[in-house]
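[1] no FASTA, just this:
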Ligand code: SF4
């Protein structure tokens, strides 16, 4: 199990979802991926994408100073 | 044991593609969705920019559709490949800059490739004969099947009974009787079917699924191409056409004026790529300068920027011109009056 990060700042939806999807393809079940986004739309889109692909959202953190979000997901079984 | 047949469904986020996929799921087909991001999709990035839109609930309708259906959705970035479709459409444009027929051929052809690579048997779309003037007429639907290379593995469950039998029907993978014969622009049969399946909160896109059908967006795109004498574009160009007022005082440069906080914040991310103007003596918008402004144009550009500041009616507003090389220059100017801005400058 390994931990990974992805910078999806300055990308507008659905690009953060597309980048998350492409990064997740290379990971194994149990790995985690923390995605940093600046588009608030990602807060609903990445969890929706995770639910339909069987991944689990572990945490959504808001940074009030930068207006950024960090969404951490755990990769599920394919 | 019979083989589990698999279909890939083009999911736009609208009602028709949702229903088409559902009709196939009801027939025991394994369905996964595919959605193509051209950069012009209405879905997505507009909601994030303007403050008033930030307050609305946000959702991506394609993902929402997939979740309702309980299927996977693969979102594919086709921004680069789509350029050729938009710049050189074989079948031309619709009412605005929308190359709908070429676009449909392209998307079905990409879905066909995806199906081949992932061992799927056929492709589903929510097309309905006669629904759209350009891409969903009986003759043009034949063109989509032919030019995409999908031929008889392209199934349109909502109007299949009006079309020749496809391979999944003749092979007995799906039943023609359990598909539909919708046609024309009416929405009643779709709404009745949605009701039957228990879908209530679905999206009802007006016009089309992308910005290219929007008259004012199309005008800005053509203006950009004319100004550059080239039809090339980058993702940043497409996004910036969606924000701000666009004012072109000279053929070789235009100003992009943020209309509110959300747009100013979004445009902030572009400051390194453009010369720009901010207001110093009072609150005002961020103004990006797209193109190569000459020294003699500084006065008009700064007076225009001052026009959109809080003190637009005063005689003097101090603004700062920031150049890409890091130089900054403060100037005090008289804002242009409304009547001094020719209407044709507004793109
Ligand atoms: S409206 Fe836009 S996305 Fe939809 S078919 Fe036409 S060009 Fe393609």
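    Looks like it arrived, so ask away. These numbers were taken from a predicted model, which means no experiment stands behind them.
[2] So which bits of stretch B:330-347 are buried?
    B:331, B:333, B:335, B:336, B:341, B:345, B:347 (16 or more other C-beta atoms under 10 Å in any protein chain shown). Where C-beta positions appear, they are placed from N, C-alpha and C, glycine not excepted.
[3] cool, stretch A:23-43 as well?
    By neighbour count on 16+ other C-beta under 10 Å, the buried set for stretch A:23-43 is A:23-24, A:27, A:31-43.
[4] Most widely separated two among those residues?
    A:31 and A:40 (25.9 Å; C-beta to C-beta).
[5] Can you give me the end-to-end span of stretch B:280-292?
    End-to-end span of stretch B:280-292 (C-alpha to C-alpha, to the nearest Å): 23 Å.
[6] follow-up on the earlier one: so which of the buried residues of stretch A:23-43 are in helices?
    Those of those mapping onto helices are A:23, A:24, A:42, A:43, per DSSP state H.
[7] Confirm that residue B:195 lies within a helix, as I assumed.
    Yes: according to DSSP: H, G, I helix; E, B strand; the rest coil, residue B:195 belongs to a helix.
[8] where does it land on pLDDT?
    Note on residue B:195: pLDDT of 95.
[9] Ok, residue B:50 next?
    Confidence at residue B:50, expressed as pLDDT, is 67.
[10] my guess is residue B:35 contacts residue B:61, does it?
    No: look at residue B:35 against residue B:61 with C-beta atoms under 8 Å: they stay out of range, at 9.5 Å.
[11] Closest to the ligand out of the ones in helices among the buried residues of stretch A:23-43?
    Using C-beta to the nearest ligand atom, residue A:42 is the member of those that sits closest to the ligand, with 22.4 Å.
[12] got the contact list for residue B:121?
    B:5, B:6, B:7, B:115, B:153, B:168, B:173 (C-beta atoms under 8 Å, 6 or more residues apart in numbering or on different chains).
[13] Ramachandran angles for it?
    Dihedral pair for residue B:121: phi -90, psi -30, per degrees, to the nearest 10.
[14] And the strands in chain B?
    Applying DSSP state E to chain B gives strands spanning B:6-10, B:30-37, B:73-77, B:122-124, B:154-155, B:245-250, B:253-257, B:275-279, B:287-291, B:317-322, B:328-333.
[15] how about these in JSON lines, adding distance to the ligand and mean pLDDT?
    Shown next, in JSON lines, are the strands of chain B (distance: least, C-beta to the nearest ligand atom, whole Å; pLDDT from 0 to 100):
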{"stretch": "strand B:6-10", "distance to the ligand": "10", "mean pLDDT": "98"}
{"stretch": "strand B:30-37", "distance to the ligand": "8", "mean pLDDT": "97"}
{"stretch": "strand B:73-77", "distance to the ligand": "13", "mean pLDDT": "97"}
{"stretch": "strand B:122-124", "distance to the ligand": "16", "mean pLDDT": "98"}
{"stretch": "strand B:154-155", "distance to the ligand": "15", "mean pLDDT": "98"}
{"stretch": "strand B:245-250", "distance to the ligand": "21", "mean pLDDT": "97"}
{"stretch": "strand B:253-257", "distance to the ligand": "24", "mean pLDDT": "97"}
{"stretch": "strand B:275-279", "distance to the ligand": "31", "mean pLDDT": "97"}
{"stretch": "strand B:287-291", "distance to the ligand": "24", "mean pLDDT": "97"}
{"stretch": "strand B:317-322", "distance to the ligand": "36", "mean pLDDT": "98"}
{"stretch": "strand B:328-333", "distance to the ligand": "42", "mean pLDDT": "97"}
